[in-house]
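>>> sequence-free structure coming up:
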C-alpha cells in the first residue's frame, strides 16, 4: 500500500491575510484549516463540500499553486511544502490540474495545438521535432481530431474545450491530477463523456485524481475514497461505499439527504440545515459545524473533535459518532 | 501531416480575408489609415516632392502670395517656399509621432505588465505615474525641454516621458483583468516562468487596448510637438516643423495669412486622421462592439 503513496499532506493550513480591515488587522480567512490526507497511485480521492468550504484552495495548495501557511506536503517522500519557484519547476510536471471553467482556462489567442505545444515547450523534456507528433497523439487520445490542432478555443464546444484542458494536463505525464469540478460547467449530456474519458485515462496511465466536486453522484461514481469538507476542515473520510452507506458525521448525512433520487416514490427524509455557512474569517469555536448541527450539544461549542477511526478506514470528526 | 499543413494554410487565408473585410467595412479605419499613409509618404519622399529647398532664402520674394510663380502656397519672411517647408515639416511630425507612439507603447506596456504582476512593484510604479500625470502634459514637456535643450530627439524623449504614465496605467488595468483568468493559473501549474506568462500570454491579450492608446498618443504628440516648436522649445529654428512655421507666421498674421492657414491645416489633418484611425482601430479590435 505504501509503495503506491504519491502525496501525503499533513495538517495543511492555508490562510489568507485580510487587508483593509483596520480594526481587525492581522485577521485571516482560514480557507483550509488543518487538513491531512493521502493520495495513492491509480486511485481517485473525491473531495466534497459546499461552495466556499475550501475544497479548491486545498487542491491548489496540494500542488503548490498556493503556499500553505502551515503543514507539510510530501510528494513521493520529497517535502515540497516551501519549495521556491525554481525548485518547484522540477516537480510541476508530476502534478497537473484540470480546471472548472473550460472557457477561461485556455488562452483565446492561441490555436489549440499551440497551447498544447507550449506545454511541451515549458517542460523542455521532449525534443522540438517530436512535439508535434505527441500533440497530435494526445488530441486523438482525448477524443479530438488532428484537425482541431488549428482551431481556436472559441470555435470548440464546452466539452471539446474541456478535452483540450485534459490533454494539457496529460501531456507532461503527471502522476497526480487535481480535477477542480471538471464537469460542473458542462451540459449533463457531455458530463458522462468527460467522466468516461477521465476514467479511461486513469486506467491506461495509472493516474491519481484528486476529484473536487459538489455533485455527490459524480463523486460516488468516480471516487475510491471520499473526504467531506466543511469550513476548511475535513470532517469525515472513508472509502466511497462505506461513506455513502454509513455516513457518520451529521454534515455528511445532511449532504447525502440533499441528493435527489431518480425514483419519485421513495420518500427519503430530508434534513434541511438552518442558517448560513459561518464566515471563515471568524469561525465558530469548537466543532466548526456546531452552529448548524442538529445534534449540537454544549461540548461541541467548546471542544474541537479530533479525527478518529470509527470503523476500519472510516475517519470522522464528531463527538457523537 | 501534409493534409494538416494544408488545413493550416486554408485557415490562415480565411482568417486574413475575414480581417481584411472587417477592416474595409470600417470607414473610420479606412479613412484614417489613408490620411496616415499619405502623411507618411510625404514625410519619406519630401525631398522628391518638394519643389524647392526648404532652407533656400530668396529675400526679394519675401511674403510672395500663394500662387506666385514658384510659390504655390506663398513664401515666408525670408522668401522660403512655404509648400516645401510644410512637406519637410511632415518629416518632423511623423518622426515624432511614430517614435513617441512606439516608445511610449513599449515602455508603458512594460511598466504596466510588471506593475500588474508584482504587487509591491505596483505601488511604487503607480505612485510615480500618479506624480507624473499630476503635471499638465504640455507643461511637463516644456520643463523637460528646458532641461534637455531643444532638438528633435529631445522632443521625442520628453514626449515619451509624458505619455508613458497613461500608457502604463491602461496596460496595467488591462493586464490585471487577463491575469485573473484561469489560463494564467494553468500556465503556472505547468511551471511557466514569469517572462513567458507576461510576454507570451498577457501582452498579446492586452495588445488591442494598448495599440489604440498608442494611436491617440501618436496624434497627441504631433500636436504637442507643434506646440513646443511654436513656443520655441521644440525643433530648433532653421529646420522646418509645422509648429515653428506657425510661430513665425504669428508675427505677420495680418500680412501673410497663408503662413498660419496652411501649416495649421496640415497639423489638423494629421491629428484628425490619426485620431479617426484610432477610433476605427478600437471598433475593429474591441470584440464587444461587433
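Now that the structure is in, tell me what you want to look at. It should be emphasised that the depicted structure is a prediction, and the values quoted were computed from it without experimental measurement.
>>> and residue 270, how many neighbours?
With no chain named, the answer covers chain A. Residue A:270: 10 surrounding residues under other C-beta atoms under 10 Å in any protein chain shown. All C-beta atoms are positioned from the backbone trio N, CA, C, and that covers glycine.
>>> you looked at the wrong chain, it should be chain B
27.
>>> what does the one 3 residues further on give?
The number of residues packed near residue B:273 is 21, by other C-beta under 10 Å.
>>> now residue B:283
Residue B:283, neighbours per other C-beta under 10 Å, totals 17.
>>> Within the helices and strands, which one has it?
Using DSSP states H and E, the element containing residue B:283 is helix B:258-285.
>>> Which elements pack onto that helix?
Helices and strands touching helix B:258-285, by 3 or more C-beta pairs under 8 Å, 6 or more residues apart in numbering or on different chains; DSSP states H and E, are helix B:27-44, helix B:82-117, helix B:203-230, helix B:242-251.
>>> And residue A:298, how far from chain B?
44 Å (C-beta to the nearest C-beta, to the nearest Å).
>>> actually residue A:130, sorry about that
Noted for residue A:130: a distance of 13 Å to chain B, by C-beta to the nearest C-beta.
>>> for the residue nearest the centre of chain B, what are its contacts?
The centroid of chain B falls nearest to residue B:218 when counting by C-alpha atoms, centre = their mean (1.6 Å). Contact analysis of residue B:218 by C-beta atoms under 8 Å, 6 or more residues apart in numbering or on different chains lists B:97, B:98, B:100, B:101, B:274, B:278.
>>> how much space between the residue of the stretch 51-200 of chain B found nearest chain A and residue A:99?
Nearest residue of the stretch 51-200 of chain B to chain A: residue B:191, at 3.4 Å (C-beta to the nearest C-beta). Going from residue B:191 to residue A:99 by C-beta to C-beta, to the nearest Å gives 16 Å.
>>> try residue B:64
Taking C-beta to C-beta, one finds residue B:64 at 73 Å from residue A:99.
>>> So which of those two has more stuff around it?
Between residue B:64 and residue A:99, counting by other C-beta under 10 Å, residue A:99 is the more crowded of the two (25 against 21).
>>> excluding its backbone neighbours, what's nearest residue B:34?
In space, and not counting its chain neighbours, residue B:34 is closest to residue B:273: 7.7 Å by C-beta to C-beta, 6 or more residues apart in numbering or on different chains.
>>> you'd agree that neighbour is up against residue B:37?
No. Using C-beta atoms under 8 Å, residue B:273 makes no contact with residue B:37, being 9.3 Å away.
>>> List the buried residues for the lowest-mean-pLDDT helix or strand in chain B?
Sorting the helices and strands of chain B by mean pLDDT, DSSP states H and E puts helix B:2-25 at the bottom, at a mean of 80. Neighbour-count burial for helix B:2-25 flags residue B:11 (criterion: 16 or more other C-beta atoms under 10 Å in any protein chain shown).
>>> What helices and strands are in contact with that helix?
Helix B:2-25 packs on helix B:27-44, going by 3+ C-beta pairs under 8 Å, 6+ apart.
>>> repeat that with 10 Å
helix B:27-44, helix B:258-285 (3 or more C-beta pairs under 10 Å, 6 or more residues apart in numbering or on different chains; DSSP states H and E).
>>> hang on, the earlier thing: give me the phi and psi angles of the residue of the stretch 51-200 of chain B closest to chain A.
Backbone torsions for residue B:191, taken as degrees, to the nearest 10, come to phi 90, psi 20.
>>> Quick check: closest non-adjacent residue to residue A:95.
Per C-beta to C-beta, 6+ apart, closest to residue A:95 is residue A:63, 4.0 Å.
>>> Can you get me the centre-to-centre distance for the helix holding residue B:283 and its chain?
Mean-position distance between helix B:258-285 and its chain equals 11 Å (C-alpha atoms, centre = their mean, to the nearest Å).
>>> Pull out the buried residues from that helix.
Buried residues in helix B:258-285, counted by 16+ other C-beta under 10 Å: B:258-263, B:266-267, B:270-271, B:273-285.
>>> Next, the angle helix B:82-117 makes with it.
40 degrees (axes from the mean of the first three to the mean of the last three C-alpha atoms, to 10 degrees).
>>> quick revisit: can you tell me how far the residue nearest to residue B:34 is from residue A:49?
Taken as C-beta to C-beta, the span from residue B:273 to residue A:49 is 60 Å.
>>> cool, residue A:209 as well?
Distance, residue A:209 to residue A:49, by C-beta to C-beta: 17 Å.
>>> Let me see the contact set for the residue nearest to residue A:247 when sequence neighbours are not counted.
Using C-beta to C-beta, 6+ apart and skipping the chain neighbours, the partner closest in space to residue A:247 is residue A:253 (4.8 Å). Residue A:253 sits next to A:236, A:246, A:247, A:271, A:294, A:295, A:321 when contact means C-beta atoms under 10 Å, 6 or more residues apart in numbering or on different chains.
>>> Which among those residues count as buried?
Here, 16+ other C-beta under 10 Å leaves A:236, A:247, A:321 buried among the contacts of residue A:253.
>>> Next to chain A, which bits of the stretch 101-250 of chain B? Give me the list.
B:178, B:180-194, B:196, B:200-202, B:204-205, B:207 (C-beta under 10 Å from any C-beta of the partner chain).
>>> Recalculate using a threshold of 8 Å.
B:181-183, B:185-192, B:196, B:200-201, B:204-205 (C-beta under 8 Å from any C-beta of the partner chain).
>>> count of neighbours near residue 130?
Let's take chain A. The burial count for residue A:130: 10, using other C-beta under 10 Å.
>>> meant chain B actually
11.
>>> distance of it from residue B:224?
Per C-beta to C-beta, residue B:130 is found 21 Å from residue B:224.
>>> one step back: how about the residue nearest to the centre of chain B: what's its closest non-neighbour residue?
residue B:101 (3.8 Å).
>>> thought that neighbour was touching residue B:212?
No. At 11.2 Å, residue B:101 does not count as touching residue B:212 under the criterion of C-beta under 8 Å.
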